[in-house]
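Peer 1: Have a look at this prediction, sequence included:
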Amino acid sequence: QVQLVESGGGLVQAGGSLRLSCAVSGLTFTTLGMGWFREAPGKEREFVSAISWSRTRIYYADSVKGRFTISRDNAKNTVYLQMNSLKPEDTALYYCAADRQGVGSRRTDYDYWGQGTQVTVSS
């Protein structure tokens, strides 16, 4: 059974930090590209960041460049999103996703999704 389980969300003040984790089971993690997306109320789900299985390709949305860092631990089947200098506009439900074909920035690139973890940034 494939499972992607996010954790680490919460309520934080503007300027603060959070670290999201996504644990993957039921898939061969070392063959997967992994991505983070977010969905704010009333908005479409948008790309945040992605990392290839080998860590040689890493992508960020312009809105998070310089503030967020994606990483992965292939021994733990886990991908992380370190979020610093958080802003109220980062408030959203954050999803991790797995791409069996490579790594991309489109929702349609991804085959499996987690249930999401809520991040709320207060001003």
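Peer 2: Yes, it's here.

Peer 1: Okay, and the residue most central in space within the chain sits in which element?
Peer 2: In the chain, the C-alpha closest to the average C-alpha coordinate belongs to residue 36, at a distance of 2.4 Å (C-alpha atoms, centre = their mean). Element membership for residue 36, per DSSP states H and E: strand 33-39.

Peer 1: That strand pairs with which strands, parallel or anti?
Peer 2: Looking at strand 33-39 with DSSP bridges, its partner strands are strand 46-51 (antiparallel), strand 92-99 (antiparallel).

Peer 1: Mean pLDDT added to the ones you listed, as JSON lines?
Peer 2: Converted to JSON lines, those look like this (pLDDT from 0 to 100):
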{"stretch": "strand 46-51", "mean pLDDT": "98"}
{"stretch": "strand 92-99", "mean pLDDT": "98"}
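
Peer 1: Residue 72: how many residues sit nearby?
Peer 2: Summarising burial for residue 72: neighbours were counted as other C-beta atoms under 10 Å, giving 23. (Glycine included, C-beta is placed from N, CA and C.)

Peer 1: so the nearest residue to it once chain neighbours are set aside bridges to which residues?
Peer 2: Using C-beta to C-beta, 6 or more residues apart in numbering and skipping residues adjacent in sequence, the residue nearest residue 72 is residue 79, 4.5 Å away. Listed beta-bridge partners, residue 79: residue 22, residue 72 (assigned using DSSP bridges).

Peer 1: Enumerate every residue touching the nearest residue to residue 100 once chain neighbours are set aside.
Peer 2: Excluding its sequence neighbours, the residue lying closest to residue 100 (C-beta to C-beta, 6+ apart) is residue 111, at 5.1 Å. With contacts defined as C-beta atoms under 8 Å, 6 or more residues apart in numbering, residue 111 is in contact with 97-101.
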